[in-house]
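A.B. asks: Fold the following and give me the result.
(chains A, B and C)
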Amino acid sequence: MSWWLLHVDMDQFIAAVEIRRRPELRGLPVVVGGSGDPTQPRQVVATASYEARAFGVRSGMPVRAAYKKCPQAVFLPSDPATYEAASTEVMDTLRSFPVVVEVWGWDECFVGAETDDPEALAAELRAAVEARTALTCSVGIGDNKTRAKLATGFAKHKRSHAEPFEPAEPSETTGPSEAAGPTTRTADSAGGTAAGIYRLTAANWRQVMDHRPVRDLWGVGSRMEHNLNELGISTVADLAAADVDLLKKRFGPKMGAWYAALGRGLGDTQVTDVPREPVSRSREETFPEDLTDPTTIAAELRRIAIQVTNDVVAEGRTIQRIWVKVRFTTFYTPIKSRKLPSPTQDPETIATTAHSLLEKFDLHRPIRLLGVRLEFLPPTPDEPITI
DNA sequence: TCTGGGGTCCTCGCACCA
DNA sequence: TCTGTGGTGCGAGGACCC
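C.D. replies: Sure thing, here's the model as predicted:
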């Protein structure tokens, strides 16, 4: 038996949950995000069904732009409570297996398992999730989290060619099926195993990833791609071959080493079912109309500060630090922060501190967003129980 | 085209202190 | 007394993720 990491990623999760409760939407382009009114400005798409994606609608796109691309789509408001409940159903289904489940958001998780046949386990997980929740998922199999996560991108490609992340074409002579290790089962023409499942390990990493742009790596965004390109590093193979000292010098000792490892497909192999303690909570609001009046700006900030403080206190947390974020119409978004003289749960203290931070900004320009983030005092260890 | 909201982690510059 | 050095905490900002 070997230790395997499986990355389970729900297919178009939010759209799928909406379609599940309104089956008449099946097969239609569905766009979820904002208030559900596609004529309203300053709202973005949270998710789009595969049918909507075929029209060029993407997550993060302004809802109004999505409306222009696909006016016939069904536009729905976001309903976080329902997605949270659906996510719990999925995670509970996975936990019913003898595996370790590490949740990474509503629609994805890592599963750690001892098995000799990870493809069979992946197929069982997918079947159980679909049977119990009527939602489908894709599964990436890897020997670490980096590879499992990337493998899911290849697994998804088999389910929808609207996905931007395309798997490598198998070589004429040695497809990934041959390179993927001795326990690989029959591979299909795309180089993985069954539809919705893909395996990426040390054995096929180079063949599958070497020629791809660094942007395809999990953790390399557009900025870092640009920075790497400046060093003459454009492909995963370039990154794997790069001088580690150069990367450390350019990106710092920690990140430099991390990028070097990423190019080789190295990553974490630990999976934990202990939920992570949040370290901060924030609330931010983009206003439909820009704010220019200082009194209004102060009042809105105070409202947000008290709101987020109440949320935090309701969870029994104590605040040790506060950030205030201001986004101007130019999209310039400075942030000011202050450590509190002593930890507090008092909304008035937070509101007053937020206001004093606000005075550090140049408020002579129109403001489109205000935000408040509160950092928690680390939780104290459990008190010893005395009987 | 016109860019949400909620998070985490890392780096860097600066002040302060020994 | 002046200068250099290194550790630490803080504030700001960058980058990434879903």
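
A.B. asks: What parts of chain A come near DNA strand B?
C.D. replies: A:34, A:41-44, A:46, A:59-60, A:62, A:64-65, A:251-256, A:276, A:278-286, A:330-331, A:368-369, A:371, A:373 (Cβ under 7 Å from any atom of the strand). Glycine gets a C-beta too; all of them are placed from N, C-alpha and C.

A.B. asks: Can you pull the residues of the stretch 251-387 of chain A lying near DNA strand C?
C.D. replies: Near DNA strand C, when you scan the stretch 251-387 of chain A using Cβ under 7 Å from any atom of the strand, you find A:321, A:334-339, A:360.

A.B. asks: next one: the stretch 101-250 of chain A
C.D. replies: With Cβ under 7 Å from any atom of the strand as the criterion, the stretch 101-250 of chain A comes near DNA strand C at residues A:104-108, A:149, A:218-225, A:227.

A.B. asks: quick one: which two of the residues you listed are the most distant?
C.D. replies: A:Trp106 and A:Asn227 (30.8 Å; Cβ to Cβ).

A.B. asks: Quick one: buried ones out of the residues of the stretch 251-387 of chain A next to DNA strand C?
C.D. replies: Those of these that meet the buried threshold are A:321, A:336, by 16 or more other Cβ atoms under 10 Å.

A.B. asks: Give me the buried stretch members for the strand or helix carrying A:Leu301, please.
C.D. replies: Under the criterion of DSSP states H and E, A:Leu301 resides in helix A:294-314. Within helix A:294-314, the residues scored as buried using 16+ other Cβ under 10 Å are A:297-298, A:300-302, A:304-306, A:308-309, A:312-313.

A.B. asks: shouldn't A:Gly153 be in contact with A:Gly140?
C.D. replies: Yes: the criterion here is Cβ atoms under 8 Å, and A:Gly153 meets it with A:Gly140 at 7.3 Å.

A.B. asks: From the centroid of chain A, which residue is nearest?
C.D. replies: By Cα atoms, centre = their mean, chain A has its centre lying nearest to A:Gly105, at 6.9 Å.

A.B. asks: Can you classify that residue as helix, strand or coil?
C.D. replies: Put simply, A:Gly105 is coil when judged by DSSP: H, G, I helix; E, B strand; the rest coil.

A.B. asks: contacting residues for the closest residue to A:Trp3 other than its chain neighbours?
C.D. replies: Take A:Trp3 and drop its neighbours on the chain: the residue closest to it by Cβ to Cβ, 6 or more residues apart in numbering is A:Glu114, 5.9 Å away. By Cβ atoms under 8 Å, 6 or more residues apart in numbering, the contact set of A:Glu114 is A:1-4.

A.B. asks: Can you tell me how far A:Glu114 is from A:Met1?
C.D. replies: For A:Glu114, the distance to A:Met1 (Cβ to Cβ, to the nearest Å) stands at 5 Å.

A.B. asks: sorry, back to before: nearest to A:Gly263, out of the residues of the stretch 251-387 of chain A next to DNA strand C: which one, please.
C.D. replies: Lowest distance from A:Gly263 to those (Cβ to Cβ) belongs to A:Ile335, with 31.7 Å.

A.B. asks: Three-state assignment for the closest residue to the closest one other than its chain neighbours, please.
C.D. replies: Excluding its sequence neighbours, the residue lying closest to A:Ile335 (Cβ to Cβ, 6+ apart) is A:Lys325, at 4.8 Å. Three-state call for A:Lys325 (three-state DSSP): strand.

A.B. asks: so what's A:Lys325 bridging to?
C.D. replies: A:Ile335, A:Gly371 (DSSP bridges).
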